[in-house]
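Peer 1: The following comprises the amino acid sequence and a computationally predicted model.
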Amino acid sequence: DAKTTQPTSMDCAEGRAANLPCNHSTISGNEYVYWYRQIHSQGPQYIIHGLKNNETNEMASLIITEDRKSSTLILPHATLRDTAVYYCIVSHTGTASKLTFGTGTRLQVTL
Amino acid sequence: DVKVTQSSRYLVKRTGEKVFLECVQDMDHENMFWYRQDPGLGLRLIYFSYDVKMKEKGDIPEGYSVSREKKERFSLILESASTNQTSMYLCASTRPPGDLWGYTFGSGTRLTVV
């Protein structure tokens, strides 16, 4: 699976958009980009995933560059409850695939 | 709601003890996983299982074993606990194949080995 690089930490004011970048320059054609987050004292929670096209759901938007070497997770109106560690994971699908987590980005949403 | 239940939230064990961490899921998921989480290291995969009685080593299996006798239950075993196994342990389950968006995690067991 391709390696990802994320900033260690970021701050965001409540109500503003939080834009979390992820570099995955060695991504291959059949690998997806997944985002999970982990709120303190809980297990990780799925947010969104994509292959080539931008994706949006009720939690977030995922913007993938045309060359697929980087992506951005967007939380459009961050709240204090969005304070968490966000993990960007790149992996192929298939029976033998599994999630491999890095150290993620610690997002702090402030008043 | 899909539930993954880990039997203990906090556990304190002595060095050399045999330790069992239990995980049960109620959604008939085929795949189950054990991770440990340490500060600065993120989540690391210990073992996983794609079916009953099947097991595969993850990235850090040394010092651990697993048991999957029933589909809903996946146990992590520390044969002889050591202080470097003090950590947060997280269990997860998902359906195949390659259902990487559908992982459901338990709340974790914080194990301290003294």
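Peer 2: Received the coordinates, thanks. Remember, it's a predicted structure, so these values are computed and weren't measured experimentally. Numbers count the residues shown, from 1 in each chain, chains lettered A, B, ... in the order given.
Peer 1: Tell me where the model's unsure across chain A.
Peer 2: A:1, A:94-97 (pLDDT under 70).
Peer 1: which stretches of it form strands?
Peer 2: A:9-13, A:18-23, A:31-38, A:45-50, A:55-56, A:61-64, A:70-75, A:84-92, A:105-110 (DSSP state E).
Peer 1: so does stretch B:21-35 get close to chain A?
Peer 2: Yes. Using CB under 8 Å from any CB of the partner chain, we find that stretch B:21-35 touches chain A at B:33, B:35. Heads up, the C-betas are built off the backbone N, CA and C, glycines and all.
Peer 1: would a markdown table of the strands of chain A with mean neighbour count and distance to chain B be doable?
Peer 2: Formatted as a markdown table, the strands of chain A follow (neighbours: other CB atoms under 10 Å in any protein chain shown; distance: least, CB to the nearest CB, whole Å):
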| stretch | mean neighbour count | distance to chain B |
| --- | --- | --- |
| strand A:9-13 | 14 | 13 |
| strand A:18-23 | 20 | 14 |
| strand A:31-38 | 22 | 6 |
| strand A:45-50 | 18 | 5 |
| strand A:55-56 | 15 | 11 |
| strand A:61-64 | 19 | 12 |
| strand A:70-75 | 20 | 14 |
| strand A:84-92 | 22 | 6 |
| strand A:105-110 | 17 | 11 |
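Peer 1: In TSV, list these along with distance to B:Lys55.
Peer 2: Converted to TSV, the strands of chain A look like this (distance: least, CB to CB, whole Å):
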stretch	distance to B:Lys55
strand A:9-13	36
strand A:18-23	31
strand A:31-38	24
strand A:45-50	24
strand A:55-56	34
strand A:61-64	33
strand A:70-75	33
strand A:84-92	20
strand A:105-110	32
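Peer 1: So which of those strands is nearest B:Gly102?
Peer 2: Across the strands of chain A, the minimum distance to B:Gly102, taken as CB to CB, is reached by strand A:45-50, at 6.9 Å.
Peer 1: Within the sheet, what are the partner strands of that closest one, with directions?
Peer 2: Paired strands of strand A:45-50, with direction, are strand A:31-38 (antiparallel) (DSSP bridges).
Peer 1: For whichever residue of chain B sits closest to chain A, list the residues it contacts.
Peer 2: Going by CB to the nearest CB, chain A is nearest to B:Phe105 of chain B, at 2.6 Å. Going by CB atoms under 8 Å, 6 or more residues apart in numbering or on different chains, B:Phe105 touches A:42-45, B:4, B:90-92.
Peer 1: Closest one of those to B:Glu56?
Peer 2: Of the contacts of B:Phe105, the one sitting nearest to B:Glu56 (CB to CB) turns out to be B:Ala92, at 14.1 Å.
Peer 1: Can you tell me who the spatially closest residue to A:Arg37 that is not a sequence neighbour pairs with across the strands?
Peer 2: In this structure, A:Arg37 finds its nearest non-sequential neighbour in A:Ala84, 4.4 Å apart by CB to CB, 6 or more residues apart in numbering or on different chains. According to DSSP bridges, the partner residues bridging A:Ala84 are A:Leu107.
Peer 1: Brilliant, that's me finished.
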